[in-house]
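Visitor: generate a structure from the sequence data that follows.
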Amino acid sequence: MPPKADINKAGWEQSDFPILCETCLGDNAFVRMSKQEYGRSCGTCARPFTVFRWNPGSGMRFKTTVICQTCAKIKNVCQTCLLDLEYGLPTQVRDTALAIQNDAPTSEVNREYYAQNMESKLEGNKSLLGSSRSSVAGKEMLKQLARTDPYYKRNRTHICSFYAKGECNRGSECPYRHEMPTNNELSKQNIQDRYHGHNDPVARKIMNTHATSMGLAPPEDKAITSLFLTSLPTSATEESIRLRVVQTLPSVPQTQIKSVVHVAKSRCAFVNFKDRASAETAAAAWSNGFEIDEQAATVKWGRSKGTSAKPKPTPSPSEVAAS
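Guide: Predicted structure coming up:
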């Protein structure tokens with residue numbers, strides 16, 4: 001009589017090969033991997049899964065899988081670097097361009113339950129990502145930003161902590177990099193933010209750089225929180241523009257959209273946000289155009305209101321005496 005299945009292992013993952021991008025796999029055609037079933041908990045859903053470890057090439061650090069295959073398929077990302085398998089970009093960049101709404105729980109509550117339910121939907125599918133709402137402008141943005149060649153520099157060894165403290169005595173024999181670490185926003189990343197696409201500093205840098213190259217650099221005046229849309233279709237209305245704004249900005253809450261002012265005669269509109277961060281997110285998402293009714297509208301930053309009238313100069317004592 002076969003032994004009873006352990007109910008505590010229900011939903012735990014067993015796999016024969018990881019889901020990896022070309023960069024993490026390395027340039028060697030023959031890669032030797034170690035495999036450990038239930039080696040660690042998934043970095044997103046916290047369920048035990050099969051862990052793979054390998055060396056992608058000479059002089060590089062050993063790499064390992066950090067999330068389970070179910071979570072990787074849900075987002076169509078690599079199990080190690082968590083970058084999109086099709087474009088090689090962070091999930092926040094892809095989801096912003098394609099207007100993909102993230103409905104996965106980001107806290108520990110219900111994460112395992114959500115992952116188990118997703119497994120049934122994944123049967124027969126490689127990914128759950130749909131492109132029905134994606135626009136031509138969003139796809140064009142991803143094509144411009146996509147990395148076509150592997151970036152093996154990402155597999156370099158870590159920085160030697162002893163060298164950073166001035167205590168490494170191994171010299172050229174040290175297997176780690178002798179460089180001083182940089183302390184900036186790119187060095188402050190975590191798995192949850194990278195996977196779910198929330199406050200990812202790498203994604204924010206990529207989108208801001210692209211927006212600047214497309215003429216949508218944020219103005220110096222921090223009080224400007226409006227975007228100006230021109231060349232709108234004649235069928236556009238204030239309601240349809242507001243609906244499309246909400247659809248194309250899944251990461252911006254509706255409460256952050258202050259107002260939408262549509263001027264039908266001029267085929268233009270102002271989209272006013274409550275804070276500068278939401279306006280910058282919208283500018284990055286619409287850097288290749290704001291598509292509505294299958295027509296791309298031009299996007300520009302609004303202008304500062306300025307002062308209505310210049311103050312009069314103070315009269316000199318001689319002018320006062322003459323009067």
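
Visitor: tell me which residue is most central in this protein.
Guide: Closest to where the C-alpha atoms of the chain average out (Cα atoms, centre = their mean) is Gln92, at 1.7 Å.

Visitor: wait, what's in contact with that residue?
Guide: For Gln92, the contact set (Cβ atoms under 8 Å, 6 or more residues apart in numbering) comprises Gly197, His198, Asp200, Ala203, Arg204, Met207, Ser251. C-betas here are computed from N, CA, C, even on glycine.

Visitor: that one and Cys24: what is the separation?
Guide: 19 Å (Cβ to Cβ, to the nearest Å).

Visitor: what do you get for Gly171?
Guide: Distance check for Gly171 against Cys24: by Cβ to Cβ, it reads 30 Å.

Visitor: and if you look at Phe30?
Guide: The gap separating Phe30 from Cys24 is 16 Å, by Cβ to Cβ.

Visitor: neighbour-wise, which of these two wins?
Guide: The residue with more neighbours, out of Phe30 and Cys24, is Cys24; 22 against 4, by other Cβ atoms under 10 Å.

Visitor: what comes up buried for the strand or helix carrying the more buried one?
Guide: Taking DSSP states H and E as the criterion, Cys24 maps to helix 22-25. Neighbour counts over helix 22-25 (16 or more other Cβ atoms under 10 Å) mark Thr23, Cys24, Leu25 as buried.

Visitor: what is the burial count for His178?
Guide: Going by other Cβ under 10 Å, the residues that sit close to His178 add up to 14.

Visitor: okay, now the unreliable bits of this structure?
Guide: 1-11, 103-113, 115-116, 118-134, 306-323 (pLDDT under 70).

Visitor: other SSEs contacting the longest strand along it?
Guide: Scanning the chain for the longest strand, with DSSP state E as the assignment, gives strand 33-41. Strand 33-41 sits against strand 48-54, with contacts defined as 3 or more Cβ pairs under 8 Å, 6 or more residues apart in numbering; DSSP states H and E.

Visitor: given the strand it packs on, what are its sheet partners and their directions?
Guide: strand 33-41 (antiparallel), strand 63-64 (antiparallel) (DSSP bridges).

Visitor: and stretch 172-188, how far out from the chain middle?
Guide: On the basis of Cα atoms, centre = their mean, to the nearest Å, stretch 172-188 sits 24 Å off its chain's mean C-alpha point.

Visitor: list the buried ones in that stretch?
Guide: Those would be Tyr176, for stretch 172-188 by 16+ other Cβ under 10 Å.

Visitor: likewise for stretch 161-168?
Guide: For stretch 161-168, burial by neighbour count (16+ other Cβ under 10 Å) applies to Tyr163.

Visitor: circling back: who wins for most neighbours among the contacts of Gln92?
Guide: Counting by other Cβ under 10 Å, top hit in the contacts of Gln92: Met207 with 25 neighbours.

Visitor: burial check on Ala137, number of neighbours?
Guide: Neighbours of Ala137 (other Cβ under 10 Å): 19.

Visitor: check Ala29 too.
Guide: If you count neighbours by other Cβ under 10 Å, Ala29 ends up with 6.

Visitor: any idea how far it is from Gly88?
Guide: 20 Å.

Visitor: send me stretch 45-55 as PDB with only the CA atoms.
Guide: Extracted C-alpha coordinates of stretch 45-55, given in PDB (Å, rounded to 0.1, in the frame of the first residue of the first chain):
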ATOM      1  CA  CYS A  45       4.600  33.200  -2.600                       C
ATOM      2  CA  ALA A  46       6.700  31.700   0.200                       C
ATOM      3  CA  ARG A  47       6.100  28.100  -0.900                       C
ATOM      4  CA  PRO A  48       9.000  25.600  -1.000                       C
ATOM      5  CA  PHE A  49      10.200  24.900  -4.500                       C
ATOM      6  CA  THR A  50      13.000  23.100  -6.400                       C
ATOM      7  CA  VAL A  51      16.200  25.200  -6.300                       C
ATOM      8  CA  PHE A  52      18.800  25.100  -9.100                       C
ATOM      9  CA  ARG A  53      22.400  26.400  -8.700                       C
ATOM     10  CA  TRP A  54      25.000  26.700 -11.500                       C
ATOM     11  CA  ASN A  55      28.000  28.700 -12.700                       C
END
